[in-house]
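Colleague: Quick one: sequence plus predicted model below, questions after.
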Amino acid sequence: MSLIPAALATATGLGVAGAAAGLVLPQRVRGAVVGVLTAGVGVAGGASGVAALGGSRWSAEVPGLLPLAGTHFAVDALSGLFMAVAGAVVAAVAVYGAGYVAGGAHGLGSRGAQAVLPLFALSLLLVPAAASVSTFLLLWELMALTSLLLVPAEHRARPAVREAAVWYAVMTHLGLVLLLVGFMVYAAQAGGETFAALRSGSGAMSPAVRGLVFVLTAVAFSSKAGLVPLHAWLPRAHPEAPSAVSALMSAAMVNLGVYGLVRVGFDLLGGGPAWWWLLAMAMGGLSAVYGILQAAMASDLKRLLAYSTSENMGLVVLGVGAAGLFDHAGNKALAGLALAAALLHVVNHSAFKALLFCAAGSVLRATGERNLDLLGGLRARMPLTTGLFALGALGAVALPPGNGFISEWLLLQSMIHGLAVPGVTTAIVLPVAVAVIALSSGLAAAVFVKALGVGFFARPRAEGAAAARESPLLMLAGMGLLAALCAALALVPGLLGDGLDRAVEAAGRPGTRPVSGGGLQVRLDEVSAVFSPLWVVATLTVTLGAVTATVRWAGRRRQRRTRARLWDCGGGAPTPRMAYTATSFAEPLQRVFDDVLAPEQDVDVTPMRESAYLVERVKFRNRVPDRIEHRLYRPVLDFLAAAGQSARRLAGGSVHAYLGYGFFGLVTLLVVLVVGW
Amino acid sequence: MGLLRKIRDTGRVAEPAPPRPEGHVPPQAKEFGGSVQVRCVDAGSCNGCEIEIAGAFNPVYDAERYGARLVASPRHADVALVTGPVTRNMAEPLRRTVAAMPEPRLVVAVGDCAINCGEFAGGHGVEGAVSDVVPVDLQVPGCPPRPDEIVAALRRVTGR
C-alpha cells in the first residue's frame, strides 16, 4: 500500500519543482518544462486516486508541517475518485496548456502564471486527501488563491478580466468564511478537528447544531460548485480565465464542492433529516434549469460553457440530495444508486467539460473571438478542433451515444424508482426532479446545437473566423486525451469497475454495482433495469449507416443534373451578415421563457431631419441579464456602497478623532467583558 | 357563426366555366399533367396587370379550379407569370428567377407592356420586353388583360 504516499509525494515534489521552474526558467523553455512537470503532477496524483479506487487506503499524520494542529492526510475511495478525475484532467490540460502558451510571454505564459499553475494543479489533487479541518481549509485556500491568481492572467489583453477576478475573490472568500465558521462549530462540538474525530463526534451532537453545520458547509460548498444563487462568480471567472485554467476550474475545481458536500453530509455527519436534502435538491434543481436557460441565451462561447457547468453541478447535487433523502427514508440501496449516479456524472462532466473548454480555447486562440455571432465556418478551417468539440458536445447533451447520457440515465432511474420510498414529500419532489432533469437535458440539446451549429458550421461571419488556422499539435494532443476519455466513458463505463462502488461505500452507503456488469453493461439489480452503451452505439451506427445508404440509393438520379445557383430571391448573393446567429437561434427559447428570463430590449429610431417618416438610423439592443444575480446581488452591493459612503464621515482625517475611536472602542470592549461575563 | 352564415347566404359566386380555349399549346404543357404551379414576377409593371391577376385567382374567376395555383418561390413553380416592361434593375433578377425554376418550365408574358413595352417603350429605365430578356412561351395581350383572358391562357397550359 505504498503506492499512494509515494505518488502523492511525487506529485508534491513535481508541483513545487514546476513552480520553481516557472519562476526561474527563461520564457523560451518555460512553457514546455512547466507543462511536463504539471502533467507529471496530474499523472502521479491520478495514479494515487486510481490506487485508492482499486481498494487501497492510506492515512498519515505529519505533525511538524503545521504549527499547533499538524497535518492529517487520508485517502479512501471517495477521495480517490475525485483525485483520479482531477489527475486525468490536469495531465491532459497540462499538455494542452504547453501548446497554448507556446510563443506567448504574456497571459498564461507569463512568469507568475506559470509558477502558480503547477501549485493550482497540486492543490486540486491534495484537497480530497486532507483529513483534518485545518489541513482541508489550508489546501482549500491554496486552491482558491492559486486559481484567483490565474484568473486575471490575461488582464493586459482584456481589462474586463479584472472585474471578474474581483467577483471571484469576494465570492470564494465568502465561501471560505462560511466553511470556516461551519467547521469551527463542528470541531468545537465534536471535540477534535481530525475527520476521524468529527465522524465519531457527530452522533452526540444536537440536531440543531448538526443542521447549522450542514447548512453552513453546504452553502459554502455549493458556492464552489457554482450552484444558483451563489453562481455569480462562475459565468464571470470561467470565460475570462485563460482557457486551460477555465478547463481546470470547470472540470476539476467545481467538483470539489460536490466532494465537500458528500464528505461532510454523508461521511462525517453520517446523513441527516429530510430537510437538509430537500434543500440540496432545491438548489440543485434550480441550478440545473436556470443554468441551462442562461446557457441557451448566452452568445459568448465560454460563458455558455460556464453556465452549462452550473447546470451539470446542479444535476449532480440533485442526485446527492436524492441519495440523502432515500438514505433518510431507510432505503440504503436506492441511496447508493443515486449517489453512484451523481458521482458518475461528476466523472462524465469533467471529461466532456474539460474537452469543451479546451476546444473553446483553441477557437479563441485561432480567431481572437468568443462571440458565437462572429464565429462560423470553422469546420473547414479547424476540422480537428470541430470534431473534438462535437464529441464533447455529444457528451454534454445527455443523448446516446454521449457519455453524459449514461449518468443522467442512472440519475433518472434512481429518481423514478425512488417513488418506492413512501411519503408525501417523495411523491411530490421526485416527479418534479424527473421533470427538471428532462427539461434541462432537452434545453442542453438546444444549447449545444447552437454552440456547434452556429459557432463551427456555415460560413464565417467575421474576419477573425475567416482567418482561423488549426491549433498546434500539443493542444490537439491534450484535447485528444480528453476525447479518448470521453469515448471510453461513453462506450465502456465499466472501466470504472468497482471503483465507483468503493467510492459510494466510502461515503457509508452500499454499492449497487451499476457499471460493473462485465464492463459493457449498466445494470441496476435493485430496480431491474439494464442497458448496454456499446450495443446502443453499435445499433445507432448500423441504423444510421443503413438509413444513409438507403437514402443515397433511392435518391440517385437517372437523369442529367443541372447546376443552378442558390435561389437568393433574385437579389445579390446572401452575405454572412444574413446568416443565422446564436442570438437568433436562441430567440424562440427566449420568447418561451420570457417571464423567467426577463430580457431587456431597446429599439431606438432616429428620424431624418427633413421628415419624421424617413428613418436615418435604427438601433436595436437585446440583453438577457442574469436575473437572479440582478435581484439578489444588486441590493446587497448598493447597500454596502451606501454604508461605505456614509461611513466616510467618520474618517474625517483628524488624528485626534482616530485616537478617540481607539480609546472608546477599548473602553467599550472592557466594559462589555466586565459586565457581560 | 357569422362566417358560417355568410358562407351560406353568399352561396356559389364562381362563374360557370367557359368552353375550353382554342389556340397554341406549348409542348411542355403536356408534361405538367394538369397541375401547374405559378410564380408571378413584376418586372416593372404599373400594377394594373397585378390587379387583374389577383382577379383571375379570386372566387369569381377561380383559376385554381383549372389546376393553376400561385406559389411563393420559383423553386416550386412551373410557370412564371411576368408583367410589365423589364426595367434595368429587374432584368437580372428576372433571368435568375427563370433560371431557378425547374425544367420543364414556361414563361407567360402578361399584358401589352410585357409583350412590347407598351406605353413605356423607349423609356429611360426600360431594358426591353420580356422576350428580350428570357424566352417567352405564351402571351396574354391587353392593357391590362381581363381576368378571363388570363384564366384562358392558364387553361391552355393546364389543359383543363
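Modeller: Received the coordinates, thanks. Numbers count the residues shown, from 1 in each chain, chains lettered A, B, ... in the order given.

Colleague: Could you measure from A:Arg561 over to A:Gly555?
Modeller: Distance from A:Arg561 to A:Gly555, counting by C-beta to C-beta, to the nearest Å: 12 Å. C-betas here are computed from N, CA, C, even on glycine.

Colleague: where exactly do the helices run in the stretch 301-450 of chain A?
Modeller: Along the stretch 301-450 of chain A, the segments classed as helices by DSSP state H, counting those that start in this stretch run A:301-329, A:332-367, A:378-381, A:383-396, A:403-417, A:424-456.

Colleague: To clarify, my last question referred to chain B.
Modeller: Defined through DSSP state H, the helices belonging to chain B, from first to last, are B:2-10, B:29-32, B:48-56, B:88-100, B:112-116, B:130-133, B:147-158.

Colleague: so who does the residue of the stretch 201-350 of chain A found nearest chain B touch?
Modeller: At 30.7 Å from chain B, A:Ser299 is the closest residue in the stretch 201-350 of chain A, using C-beta to the nearest C-beta. Residues near A:Ser299 by C-beta atoms under 8 Å, 6 or more residues apart in numbering or on different chains: A:Asn371, A:Leu372, A:Asp373, A:Thr581, A:Ala582, A:Thr583, A:Ala586.

Colleague: Contacts only, for A:Leu334.
Modeller: When the contact criterion is C-beta under 8 Å, 6+ apart, the partners of A:Leu334 are A:Phe326, A:Ser414, A:His417, A:Gly418, A:Ala420, A:Val421, A:Glu526.

Colleague: same deal with A:Asp604?
Modeller: A:Asp604 is in contact with A:Val618, A:Lys619, A:Phe620, A:Arg621, counting by C-beta under 8 Å, 6+ apart.

Colleague: For it, list each beta-bridge partner.
Modeller: On the basis of DSSP bridges, A:Asp604 is bridged to A:Lys619.

Colleague: Who are the packing partners of the helix or strand of chain B with the lowest mean pLDDT?
Modeller: Ranked by mean pLDDT, DSSP states H and E, the weakest helix or strand in chain B is helix B:29-32, scoring a mean of 88. Here helix B:29-32 touches helix B:147-158, going by 3 or more C-beta pairs under 8 Å, 6 or more residues apart in numbering or on different chains; DSSP states H and E.

Colleague: Grab the CA positions of the helix it packs on and hand them over as PDB.
Modeller: Output for helix B:147-158, consisting of C-alpha atoms alone and laid out as PDB, is shown next (Å, rounded to 0.1, in the frame of the first residue of the first chain):
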ATOM      1  CA  PRO B 147     -59.000  38.200 -65.800                       C
ATOM      2  CA  ASP B 148     -60.900  35.700 -68.100                       C
ATOM      3  CA  GLU B 149     -58.100  36.200 -70.700                       C
ATOM      4  CA  ILE B 150     -55.500  35.300 -68.100                       C
ATOM      5  CA  VAL B 151     -57.500  32.300 -67.000                       C
ATOM      6  CA  ALA B 152     -57.900  31.200 -70.600                       C
ATOM      7  CA  ALA B 153     -54.100  31.400 -71.100                       C
ATOM      8  CA  LEU B 154     -53.500  29.300 -67.900                       C
ATOM      9  CA  ARG B 155     -56.100  26.800 -69.100                       C
ATOM     10  CA  ARG B 156     -54.200  26.300 -72.300                       C
ATOM     11  CA  VAL B 157     -51.200  25.300 -70.000                       C
ATOM     12  CA  THR B 158     -53.200  23.100 -67.600                       C
END
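
Colleague: Now do the helix or strand hosting A:Phe639: distance to the chain's middle.
Modeller: Here A:Phe639, judged by DSSP states H and E, is contained in helix A:627-647. Shown here is helix A:627-647, whose average C-alpha point lies 27 Å from the average C-alpha point of the whole chain (C-alpha atoms, centre = their mean, to the nearest Å).

Colleague: Go through it and flag the buried ones.
Modeller: Of the residues in helix A:627-647, those buried by neighbour count under the rule 16 or more other C-beta atoms under 10 Å in any protein chain shown are A:Ile628, A:Glu629.

Colleague: Which pLDDT value belongs to whatever residue of chain B ends up closest to chain A?
Modeller: Across chain B, no residue is closer to chain A than B:Pro93, which sits at 3.1 Å (C-beta to the nearest C-beta). At B:Pro93 the predicted local distance difference test score is 92.

Colleague: Report the central residue of chain B.
Modeller: Closest residue to the average C-alpha location of chain B: B:Leu81 at 3.5 Å, with C-alpha atoms, centre = their mean.

Colleague: what residues are up against A:Gly402?
Modeller: A:Phe352, A:Leu394, A:Gly395, A:Ala396, A:Cys486, A:Ala490.

Colleague: ok, of the residues you listed, which one's closest to chain B?
Modeller: After measuring the contacts of A:Gly402 against chain B - C-beta to the nearest C-beta - the closest member comes out as A:Leu394, at 33.8 Å.

Colleague: Strands along chain A, start to end?
Modeller: If DSSP state E is used as the criterion, the strands of chain A fall at A:58-62, A:71-75, A:522-524, A:529-531, A:600-607, A:615-623.

Colleague: relative orientation of the longest strand along chain B and helix B:48-56 in degrees?
Modeller: With DSSP E setting the assignment, residue counts place strand B:36-42 as the longest strand in chain B. Counting by axes from the mean of the first three to the mean of the last three C-alpha atoms, to 10 degrees, strand B:36-42 points 150 degrees away from the direction of helix B:48-56.

Colleague: How many neighbouring residues does the closest residue to A:Ser310 other than its chain neighbours have?
Modeller: If you skip the residues right next to it in sequence, A:Ser310 has A:Gly291 as its closest partner in space, 3.3 Å away by C-beta to C-beta, 6 or more residues apart in numbering or on different chains. Other residues near A:Gly291 come to 30 when the count uses other C-beta atoms under 10 Å in any protein chain shown.

Colleague: ok, now the one 5 residues further on?
Modeller: Counted with other C-beta under 10 Å, residues neighbouring A:Ala296 total 26.
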